[in-house]
Every structure is written in C-alpha cells, then in structure tokens.
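>>> Sequence plus the predicted model coming up.
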Amino acid sequence: MHDKLDPALEAPLKQFYLFTGGKAIEMNDISMARRAWERMATEARADLPPIDGVIVEDRLVPGPAGAPEVRLRIYRPVGATGMMPTVFWIRGGGLIMGWLEQDDRPSRLLSLAANCVVVAVEYRWAPEHPFPAPVEDCYAGLKWLSNHAGDVGVDNSRIVIAGESGGGAVCGSLAYFVRDRAEFGVILQMLICPQLDDRDALPDPTCDQWFVTYPPRSCWVGWNAYLNQEPGASEVPLYSVPARVSDLRGLAPACILVSDLDIFCKASVAYAGRLIEANVPVELHVYPRAYHGFQLFAPESSVSKRYFSDRIYALQRAFNG
C-alpha cells in the first residue's frame, strides 16, 4: 500500500482490488465498465441491513424540451410533517455510468441524519447523451421540484443541490444554469469529491500520480464522452466544465469536500479559491491520507465519520439560515 494512505482505509481498498484484479476499474470499454460498476455496487450492499424510517416514492416529471421524462426518487423521514428542507441529489459515475439504485442506501441515511427530504435524480449519461443533456435533465427535475414543492412537502426556499464525483461536475454546472436562468433559487451547492476540471485527465509531472480508485486515464474517458471532444482543448462548451467558467459571481454558496489523494483535490481547492475571490461564500474540507470515494469504501473509519459530520453540519447551517 502507498505510504501516504491512512491505515484505516487499506483493508477496504484491498477488497476493491480483489474485485477489480488489482487495479482501478478501467473505463476504456464503457459498456464493460458499467457492468462492473453495477455488479460491484450490488454486491457491496447485498448483506447490509435495511434502513427503516424512510418513505420512498418515485415520480416521472417532464424532461427538457424534446427529451424523455426525468425520474426522481423522493426520500422522506417517516412522521415528518410540514414543508421540509431538501437535498437534490446528483449521483456519481464518472459522467458515463451510474443509476439511482446505487445511492439508495446513502440517500436514506442522509434523509434521516439531516432530517430532510432527499430527491435523487436520474439523468442521462454520456457518450449517448453528452453535455448539456445530463445538466438539462437535472435542471428539469429541479425546476419541477421547485414549482411543485407543496405537492411533495418541500420548502422551496430551502433546497440544496449536491453531487458526488461525476455528479459534482453536473452539480457545478447546474449552479450556473440556476444563476443565469433565474427561474428559482438554491441555498447551497455541495460538491463532494467533484470532477470539476477536464484538465485533471491530463498527465501532470508536478504531482503524485498515485490515484488508487480513479486514475487520470479513466477521468479522460469520462470527459471525452461527456464533452464529445478530447479533454484539455483550448475551448469547451460554456458551463460544461465548472472550473473553466470565467465568471463565478452570484453563484449559490458552496461546500466542497475532497480528499488529498484524490485526483480532483487540486482542482477542488483551486475552485474554492476562485469562488472566494468572486465573493461567493465557501466552506472547504480536505481529508488527509484518503483516496477518491473513501467515505463509501470505509464508512466506519474516523476520517469518514468526520466527513459525514461535516456534511450534515453544512446542511444544517444552510437549512437554518
């Protein structure tokens, strides 16, 4: 194991390597990567106890113009009354894979821990549907939620958007859509180990290239599919890559959580700095000696417990103004 790694994170990583044959999941064959990801996620949660105390409802809502409907999965604590604060959740998957069910358990836990409604959105993935389709799907779902908040017991003045990994890229872009279209508002954008910059996919001789779960070559495949062009080009579609947008003024406040051995650490810290320069309130957490997705691999480790606490406290501060 790498000498920088928190020892508490080693055993789950070894299990991951047993599943993958000693390496990170390769994404060069996207269809194969999707099957491997689904199989791994299914096996990982097979023996876990059920999470009680949450009511779950699926809804199909209008999608973007000319596009299919968008599926939302709504989680609400049993016995909750009145208009609840809400996390609009955007799953990860490197921009090319993932599905609602992979985050069913975390969504239930989040709903209970933060005493809020969680609305998970199913969005289309690349390369079949490159940018802006995934962000437009999320925008359509979020717009429906804001406009029909009363129907599902949601306080539309207390909606947080949150995304993890590739979902962090979509969430970051969604924040620009919300700002510029000005049809509704959100009180926080929570970016978790976010994939903010396509240039992370390019070799960097100045940094440690040891990325145990999500290496640059996999990042390259995701961005290439999502952008429909090679990562690192001189120009990218507006708002497709959050870190390459020039004007950050007026965005929703941000909470960014990332680990220091994550390929996305440098870009996350740099993005936080740019948000501060643009007078956008920012909360930044960098977790030492941890890899991408550590909180999913080792939820009982002390560093993961700090992450979960930081996330809940950030939500509570946002919900309570």
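Yep, that arrived. All figures in this text were calculated on a predicted structure; none of them were measured in a lab.
>>> Quick check: longest helix in the chain by residues?
Looking across the chain with DSSP state H, the single longest helix is helix 302-319.
>>> So what's the gap between that helix and the chain middle?
Chain-centre distance of helix 302-319: 15 Å, with Cα atoms, centre = their mean, to the nearest Å.
>>> which parts of it are buried?
Buried residues in helix 302-319, counted by 16 or more other Cβ atoms under 10 Å: 303-304, 307-308, 311, 314-315, 318-319. The way it works is simple: take the backbone N, C-alpha and C, and place the C-beta from them, glycine included.
>>> again, but for stretch 215-226
Residues of stretch 215-226 classed as buried: 215-216, 218-226 (neighbour count, 16+ other Cβ under 10 Å).
>>> Out of these, which is nearest to V54?
Lowest distance from V54 to the buried residues of stretch 215-226 (Cβ to Cβ) belongs to G222, with 30.8 Å.
>>> Let me know the helix or strand that the closest one is in.
Assessed by DSSP states H and E, G222 sits inside helix 216-227.
>>> Quick one: list the elements packing against the helix or strand following that helix.
For helix 216-227, the following helix or strand on the C-terminal side (DSSP H and E) is strand 254-259. Applying 3 or more Cβ pairs under 8 Å, 6 or more residues apart in numbering; DSSP states H and E, one finds that strand 254-259 contacts strand 188-192, helix 265-277, strand 282-287, helix 302-319.
>>> returning to what we had before: least confident of the buried residues of stretch 215-226?
The lowest pLDDT within the buried residues of stretch 215-226 belongs to P215, with 77.
>>> Quick check: the gap between that residue and H292.
Distance, P215 to H292, using Cβ to Cβ, to the nearest Å: 9 Å.
>>> what is in contact with those two at once?
Common contacts of P215 and H292 (Cβ atoms under 8 Å, 6 or more residues apart in numbering): I263.
>>> for the stretch 101-250 of the chain, which spans come out with low pLDDT?
Applying pLDDT under 70 to the stretch 101-250 of the chain flags residues 203-212.
>>> one more time with 90, if that's ok
For the stretch 101-250 of the chain, the stretches flagged by pLDDT under 90 are 200-219.
>>> Any idea how many residues pack against L9?
L9: 23 surrounding residues under other Cβ atoms under 10 Å.
>>> ok but it is inside a helix, no?
Yes: under DSSP: H, G, I helix; E, B strand; the rest coil, L9 sits within a helix.
>>> per-residue pLDDT, the nearest residue to it once chain neighbours are set aside?
Nearest in space to L9, with sequence neighbours left out and distances taken as Cβ to Cβ, 6 or more residues apart in numbering, is A298 at 5.1 Å. Note on A298: pLDDT of 88.
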